[in-house]
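Q: mind looking at a prediction? Sequence and model below.
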Amino acid sequence: MRHLHWSLLCMIFVASWMAFGVSPEASFGDTATAEHFMIATVHPLATDAGVEVLRAGGNAVDAAVTAALTLGVVDGENSGIGGGCLILIRSADGTFTAIDGRETAPAAAHRDMFVRDGKPQPTASQTGPLASGVPGAVAAYKLALDRCGTISLARALDPGAKAAAEGFVISESYAKAVAGERHHLHDFPGSRAVFFRGDDKPIAAGERLVQTDLANTYRQIGSHGIEWFYRGEFARTVSAWMKEHGGILTTADFAAYDAKLREPIRSTYRGYEVVGFPPPSSGGVHVAQVLNILENFDLREIAERDPLEATHLTAEAFKLAFADRAHWLGDSDFVSVPRGLTDKQYAKQLAGKIDGRWVVDVAAHGEPPNFAQDVFGRHTTHIAAADGAGNWVGITATVNTTFGSKVIVPGTGVILNNEMDDFSIFPGMPNAFGLVGAENNSVAAGKRPLSSMSPTIVLDSHGKPVLTVGAAGGPKIITQVLHVILRTIDYGQSLDLAVAGSRFHHQWRPNCVSYEKGLAEPIVDGLRTLGHNVEVVSSAGRTQAIALRPDGKLIGVADPRVSGKAAGE
Ligand code: GLY
């Protein structure tokens, strides 16, 4: 009976939506095609700043870093120099560089710093002086330019400094973010001075936001280098404020910060090579793990026959991977993260647990091979850039949740992150994204909190880059990247469709498939009948991506869920 029902549905869905559904009224994002270079970001001013650098002869790394620094001004609720980033670069000579600009816990941080009277205090890890780790973005951008770029940091800072000094007109979504956080932003005088008109009126859509202090901070870094930020006036101003307000970030913490070079994770999927970011991100590990699990199924054939089954298998693979994430993942400089998580045999074993007709009860994490010995040596935005020389870049940058800790230390203009909330502050206590963690991601001095940021680059069987993709949205970053890879490789969708299509997500805890509204109703009903809990979410993140089309042209896509821009020439 069910099969009869589904064969009819398949005919209807597969033709237009494949397994995942693009609602007929969906727009396909800001899409551009070009021959020589491409950049896609969530804000037209940042994309334009990147294009200007490329036109002047800069490469994709120069453009991506310039765009990232501009976003820190015009999209500061999501990312900025008070936060961190992960950068993945495929240079024209074929080499890969992975730069870890993740924030670091201060030296005075400790395992139970967010526990009072035996109870977790998530407010303190999310808002105010204790919520911030040492920001890593500035050091990472400098390292990226030094190793793989051609322009100076001062040049890359310039468009952002200009936008901060001259101001820009804020959008509906920016005004909404300010309004949503107005109580916390109002609590901190430095933030109040930037985001309020008079004392009580949050800045509204259509108004011009001028950030004089932030412009000065950008100019000072441009003139005096990152020393000014990590060992100079910026570090002194922030740590003095912290001391006065119960924070623990010191000048010594700033001085000790280094962006780190990491070894990218390289795995394969149906003849392609997938290059991802290693710990302290969980992104690369679990993108590889889910693809390894799904490689055991002929997804395309299954989706053509039964879109529900393809959706179910994918959600189950997400769930199994996130159960492992909760237990095993953390900063590999501090704890043992097994390499076996990306092992093909282990994935086969996990795939064997999946039942196409019913949900599998995943009570706990799995045990990858050699988990004790073979270990890794250790709200957000994504920028994708590529150039004709063969430089392909993904930068995912963040202050964590909207406006990070909500703190702007007076005189700096810089929104400080609340990345301490990405640690597991107490066993079983979900963080702002509902993620639970274990000992491997507990707080420790100098440790980097676990991330889901997943800048990913895919190469074809000849080693030619064909896709750079990444996203914003906490744990939904991982599943967004997977959706784009699955939709382009398995389902043959064009990149704009792959990004626009309604998404679904499973992160093991809570035990539920969250899905975007456009996902076909019969799929949602079907998931329920297979035993899934389901919940609708208004938006499952924001993806930016660039692909090489068979005709040799680059296609860039900025997610239609926000008003970003892709542009190239
Ligand atoms: N702060 C979000 C992440 O790094 O996953």
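A: Arrived safely, thanks for sending.

Q: tell me, how many residues neighbour the one residue in the stretch 151-300 of the chain that gets nearest to the ligand?
A: Nearest residue of the stretch 151-300 of the chain to the ligand, counting by CB to the nearest ligand atom: residue 281, 7.1 Å away. All C-beta atoms are positioned from the backbone trio N, CA, C, and that covers glycine. By the criterion of other CB atoms under 10 Å, residue 281 has 30 neighbours.

Q: and what of residue 55?
A: Residue 55 has 12 neighbours, counted by other CB under 10 Å.

Q: state the distance from residue 57 to residue 95.
A: Residue 57 sits 21 Å away from residue 95 when distances are taken as CB to CB, to the nearest Å.

Q: related to what we said a few turns ago, residue contacts, the residue of the stretch 151-300 of the chain closest to the ligand?
A: Residue 281 makes contact with 86, 102, 450-454 under the criterion CB atoms under 8 Å, 6 or more residues apart in numbering.

Q: how about those in JSON lines, adding neighbour count?
A: Listed next are the contacts of residue 281 as JSON lines, based on neighbours: other CB atoms under 10 Å:
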{"residue": "86", "neighbour count": "30"}
{"residue": "102", "neighbour count": "32"}
{"residue": "450", "neighbour count": "26"}
{"residue": "451", "neighbour count": "29"}
{"residue": "452", "neighbour count": "30"}
{"residue": "453", "neighbour count": "30"}
{"residue": "454", "neighbour count": "28"}
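
Q: and those near the ligand, which?
A: 451-453 (CB under 6 Å from any ligand atom).

Q: just the residues you listed: which are in helices?
A: Using DSSP state H to define helices, no part of these is located there.

Q: so which of these is the closest to residue 363?
A: residue 452 (22.6 Å; CB to CB).

Q: now, which of the ones next to the ligand among the contacts of residue 281 sits nearest residue 75?
A: Of all those, residue 75 sits closest to residue 453, with 15.9 Å by CB to CB.

Q: spatially nearest residue to that closest one (excluding sequence neighbours)?
A: residue 396 (3.9 Å; CB to CB, 6 or more residues apart in numbering).

Q: please look at that neighbour and residue 455 and confirm they touch.
A: Yes - using CB atoms under 8 Å, residue 396 is in contact with residue 455, at 5.1 Å.

Q: who touches both of those two?
A: The contact sets of residue 396 and residue 455 overlap at 86, 382, 470 (CB under 8 Å, 6+ apart).

Q: and which of these is nearest the ligand?
A: Of all those, the ligand sits closest to residue 86, with 8.1 Å by CB to the nearest ligand atom.

Q: can you give me the buried ones in the host helix or strand of that closest one?
A: Secondary-structure assignment from DSSP states H and E places residue 86 in strand 84-90. Within strand 84-90, the residues scored as buried using 16 or more other CB atoms under 10 Å are 84-90.

Q: go on, stretch 438-449?
A: Buried-residue list, stretch 438-449, by 16+ other CB under 10 Å: 438, 440-449.

Q: and the longest helix for this protein?
A: For the chain, the helix with the greatest residue count under DSSP H is helix 307-328.

Q: could you list every helix and strand in contact with that helix?
A: helix 2-17, helix 283-294, helix 299-305, helix 344-351, helix 476-485, strand 504-505, helix 521-529 (3 or more CB pairs under 8 Å, 6 or more residues apart in numbering; DSSP states H and E).

Q: so which of these is nearest the ligand?
A: With CB to the nearest ligand atom as the criterion, the ligand lies closest to helix 476-485 of the helices and strands packed on helix 307-328, at 6.2 Å.

Q: got the CA coordinates for whatever helix or strand comes next after the closest one in PDB?
A: Remark: after helix 476-485, the chain's next helix or strand is helix 495-500, criterion DSSP H and E. Below are the C-alpha coordinates for helix 495-500, written out as PDB (Å, rounded to 0.1, in the frame of the first residue of the first chain):
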ATOM      1  CA  LEU A 495      24.200  24.800  -7.100                       C
ATOM      2  CA  ASP A 496      21.400  27.400  -6.900                       C
ATOM      3  CA  LEU A 497      18.800  24.700  -6.400                       C
ATOM      4  CA  ALA A 498      21.000  22.800  -4.000                       C
ATOM      5  CA  VAL A 499      21.300  25.900  -1.700                       C
ATOM      6  CA  ALA A 500      17.700  27.000  -2.100                       C
END
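
Q: show me what helix 495-500 is packed up against.
A: Packed next to helix 495-500, using 3+ CB pairs under 8 Å, 6+ apart, are helix 476-485, strand 542-548, strand 554-558.

Q: okay, buried residues for that helix please.
A: Of the residues in helix 495-500, 495-500 count as buried by neighbour count, 16+ other CB under 10 Å.

Q: quick one on the thing from earlier: partners of the residue nearest to residue 453 in the sheet?
A: residue 86, residue 382 (DSSP bridges).

Q: separation between it and residue 340?
A: 25 Å.

Q: those two: which is more packed in?
A: Counted by other CB under 10 Å, residue 396 and residue 340 do not tie: residue 396 has more neighbours, with 31 against 21.

Q: OK, contacts around that one?
A: 85-86, 380-383, 453-455, 470-472, 477.

Q: recalculate using a threshold of 7 Å.
A: Shown in contact with residue 396 (CB atoms under 7 Å, 6 or more residues apart in numbering): 85-86, 380, 382, 453-455, 470.

Q: which two among the residues you listed are spaced furthest apart?
A: Farthest pair in the contacts of residue 396 (CB to CB) is 85 and 454. Separation: 12.4 Å.

Q: the closest residue to residue 316 other than its chain neighbours: how many residues sit nearby?
A: Spatial nearest neighbour of residue 316, excluding adjacent residues (CB to CB, 6+ apart): residue 354 at 4.7 Å. Counted by other CB under 10 Å, the residues lying close to residue 354 total 21.

Q: from residue 514, how far off is residue 354?
A: Note on residue 354: its distance to residue 514, by CB to CB, is 19 Å.

Q: against residue 537, how distant is residue 508?
A: For residue 508, the distance to residue 537 (CB to CB) stands at 16 Å.

Q: quick one, which of those two is more surrounded?
A: residue 508 (22 against 15).
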